[in-house]
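how does the following fold in three dimensions:
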Amino acid sequence: MPPGDCHRIPSRDESRTHAGIANRTQETHRLIVATLHLGEARQAGPHLVSSRLPLGVELEVVDQQRPRSDQAHVSAPGNKLGETIRNHNVDHSFHPSLQSGALTRQVKIARSHRALVFGSMTRIYLSPPDVGPAERAALLDAFDSGWVAPVGPYLDRFEEMMCERTGSAAAAALSSGTAALHLALLVHGVEAGDDVFVSTFTFAATANAVRYVGAQPVFIDSDEATWNMSPELLEGSLEQARQQGSLPAAVIVVDLYGQLADYDRIVPICAEYGVPLIEDAAEALGSSLHGQPAGTFGASAILSFNGNKIITTSGGGMFVSHDTAAVSQVRHLATQARQPTVHYEHESVGYNYRLSNLLAALGCAQLQRLDAMSARRRDVNQRYRAVLAESTLSFMPLTDDTVWNGWLTCVLFENQAQRNDVMADLEIEDVESRPLWKPMHQQ
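Model (predicted):
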């Protein structure tokens, strides 16, 4: 399989900031279309464990502001997907207070409402922040209170709210999910020269954090049921490592696109081999498995509040754990490892990783709206599944025992040519589109 078959979704760290994006309330419909070729993976040296590797392409997203209309889309000639949904009208209802002054755009794949309260935006971006009056009020309250410095009551409250939401014993709000991964590896004792088993189907930050501490990522393939790390391959790799006397220092499992991994099997496997499990739940806040929230399956977990995530603090992340001592150590390292003395005393290397009080205020407002935002995205996902049910596309699988947060809707094409045609059509309509994550063993 050529390495160009799979690319990645942009993170908000990569996205450019556009004036007015953060100053509008949006009711948004999103469609992300993707190709996931399930084929024999190419061996990429000794650091890939794989049998059948999901390689994907994803297009995002159709979100548009328009009045209700029965106009059908016009698809590109010869586009089978377009033929499937031609003359299909999707009546996306939205809040009556946001209907006035709606604009109309036609796009090739689907239609959606976008209510712009402030300003205008011609290009349609991937998963933009959903912020409005509640977030503005929280930010102004934090500003007016005088707590502009990194610490403050909103920072404490955000951590408390996250513990209430996830059931974690403690949490430390940080500057990014990547920072949280870095400190998670440190507090679990990962050192230079260690191996760390990592999902290959992920954004680069997961592997980058392993390299920060001088360890070596060993990439584990995905399963078809969840697109996340395969329990079978993980178990086989751990057994092989045990026989060789070289067990990894940690396992990082990624919850891809809000879909939780098969923790019913992964958690006991890691426990059997005595290897700490770190859950990369950057994309999965609000999801759950058997009622257990994302971020609570490992010895520790990380969350991301980047601009494209289900909730955002503009940029930010969090370390969560049932181990309060680990959280205290993360807080210590995240504040330059300063000792509790009047003068500046340091006994170890520290980092400037704490989230600011202002951004925590934004997080508090966003977290209060999480359920509504997730429900909205799940509803959009179901609408697209219904409209495209007779097409040749297939969607990311959702297991019956999982509540999914609806973060991104991913669709598989039959072939790369069809995907490329749709990407080109969307670009003509000024709709941003990107592929799925390019597997890390191919980078």
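
so residue 336 makes contact with residue 347?
No: judged on CB atoms under 8 Å, residue 336 makes no contact with residue 347 at a distance of 11.3 Å. All C-beta spots, glycine's among them, are computed from the backbone N, C-alpha and C.

more neighbours: the two, which one.
residue 336 (15 against 8; other CB atoms under 10 Å).

buried residues in the top helix by length along the chain?
Longest helix in the chain by number of residues (criterion: DSSP state H): helix 370-387. Across helix 370-387, burial judged by 16 or more other CB atoms under 10 Å covers 370, 373-374, 376-378, 380-381, 383-384, 387.

tell me the mean pLDDT over it?
Regarding helix 370-387, the rounded mean pLDDT is 93.

which elements pack onto that helix?
strand 394-395 (3 or more CB pairs under 8 Å, 6 or more residues apart in numbering; DSSP states H and E).

helix or strand right after the strand it packs on?
Remark: after strand 394-395, the chain's next helix or strand is strand 402-403, criterion DSSP states H and E.

measure the nearest residue to residue 311 once chain neighbours are set aside to residue 436 for me?
Excluding its sequence neighbours, the residue lying closest to residue 311 (CB to CB, 6 or more residues apart in numbering) is residue 366, at 3.8 Å. Shown here: residue 366 relative to residue 436, a distance of 25 Å by CB to CB, to the nearest Å.

the two - which one has more neighbours?
Comparing residue 366 with residue 436 by other CB under 10 Å, the one with more neighbours is residue 436, at 27 against 24.

give me the distance between that one and residue 218.
21 Å.

dihedrals phi and psi, the residue nearest the centre of the chain?
Centrality entry for the chain: nearest residue to the mean C-alpha point is residue 283, 2.4 Å, by CA atoms, centre = their mean. Backbone geometry at residue 283, expressed as degrees, to the nearest 10, gives phi -100, psi 0.

residues in contact with it?
254-258, 304, 309-310, 407-408 (CB atoms under 8 Å, 6 or more residues apart in numbering).

thinking again about what came up before, show me what contacts the residue nearest to residue 311?
131, 135, 305, 311-313.

could you tell me the angle between the host helix or strand of it and helix 370-387?
Using DSSP H and E, residue 366 sits within helix 357-368. On the basis of axes from the mean of the first three to the mean of the last three CA atoms, to 10 degrees, helix 357-368 is oriented at 50 degrees to helix 370-387.

can you give me how far helix 357-368 is from the chain middle?
18 Å (CA atoms, centre = their mean, to the nearest Å).

buried residues in that helix?
By neighbour count on 16+ other CB under 10 Å, the buried set for helix 357-368 is 357-367.

rewinding a little: now the residue nearest to the centre of the chain: how far from residue 378?
Residue 283 is 15 Å from residue 378, by CB to CB.

ok, now how distant is residue 229 from residue 306?
Distance, residue 229 to residue 306, using CB to CB: 22 Å.

ugh, wrong one, residue 270
27 Å.

again, but for residue 131
Residue 131 is 14 Å from residue 306, where distance means CB to CB.

hey, what's in contact with both of these two?
Residues touching both residue 131 and residue 306 (CB under 8 Å, 6+ apart): residue 312.

more neighbours: those two, which one.
Each of residue 131 and residue 306 has its neighbours counted (other CB under 10 Å); residue 306 has more, 26 against 23.

quick one: the strands in the stretch 201-350 of the chain?
Taking DSSP state E, counting those that start in this stretch as the criterion, the stretch 201-350 of the chain carries its strands at 216-220, 250-254, 277-280, 288-289, 292-293, 300-304, 317-321.

so which of those gets nearest residue 243?
With respect to residue 243, and counting by CB to CB, the nearest of the strands of the stretch 201-350 of the chain is strand 216-220 at 15.2 Å.

please name the strands paired to that closest one in the sheet, noting orientation.
strand 48-49 (parallel), strand 195-199 (parallel) (DSSP bridges).

I'd like these laid out as TSV, including mean neighbour count.
TSV is the format used below for the strands paired with strand 216-220 (neighbours: other CB atoms under 10 Å):
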stretch	mean neighbour count
strand 48-49	21
strand 195-199	25
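
and these as CSV, adding distance to residue 414?
Below are the strands paired with strand 216-220 laid out as CSV (distance: least, CB to CB, whole Å):
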stretch, distance to residue 414
strand 48-49, 26
strand 195-199, 26
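
what's the least confident stretch among those?
Minimum mean pLDDT among the strands paired with strand 216-220: strand 48-49, a mean of 48.

where does the protein have low pLDDT?
Residue ranges of the chain with pLDDT under 70: 1-121.

change it to 50
Scanning the chain for pLDDT under 50 picks out the ranges 1-119.

tell me where it has helices.
Ranges of helices in the chain, per DSSP H, are 80-85, 133-144, 153-166, 177-187, 204-212, 231-243, 263-273, 324-334, 357-368, 370-387, 416-428.

surely residue 131 is in contact with residue 361?
No: counting by CB under 8 Å, residue 131 stays clear of residue 361, with 11.8 Å between them.

what's around residue 136, how many residues?
So residue 136, with other CB under 10 Å, has 15 neighbours.

and the one 5 residues further on, by the same measure?
Counted with other CB under 10 Å, the neighbours of residue 141 add up to 15.

show me what contacts it?
residue 361.

residue 370 versus that one, what's the distance?
Distance, residue 141 to residue 370, using CB to CB: 20 Å.

repeat for residue 264
Distance, residue 264 to residue 370, by CB to CB: 25 Å.

residue 214 and residue 193 touch, don't they?
Yes: applying CB under 8 Å as the test, residue 214 and residue 193 come out as touching, 6.7 Å apart.

picking that back up, what's the closest of the contacts of residue 366 to residue 427?
Using CB to CB, residue 312 is the member of the contacts of residue 366 that lies nearest residue 427, at 25.3 Å.

what is the neighbour count of the nearest residue to that closest one once chain neighbours are set aside?
Nearest residue to residue 312, sequence neighbours excluded (CB to CB, 6+ apart): residue 129, at 4.8 Å. Counted with other CB under 10 Å, the neighbours of residue 129 add up to 22.

please apply the same query to residue 134.
Per other CB under 10 Å, the neighbour tally for residue 134 reads 15.
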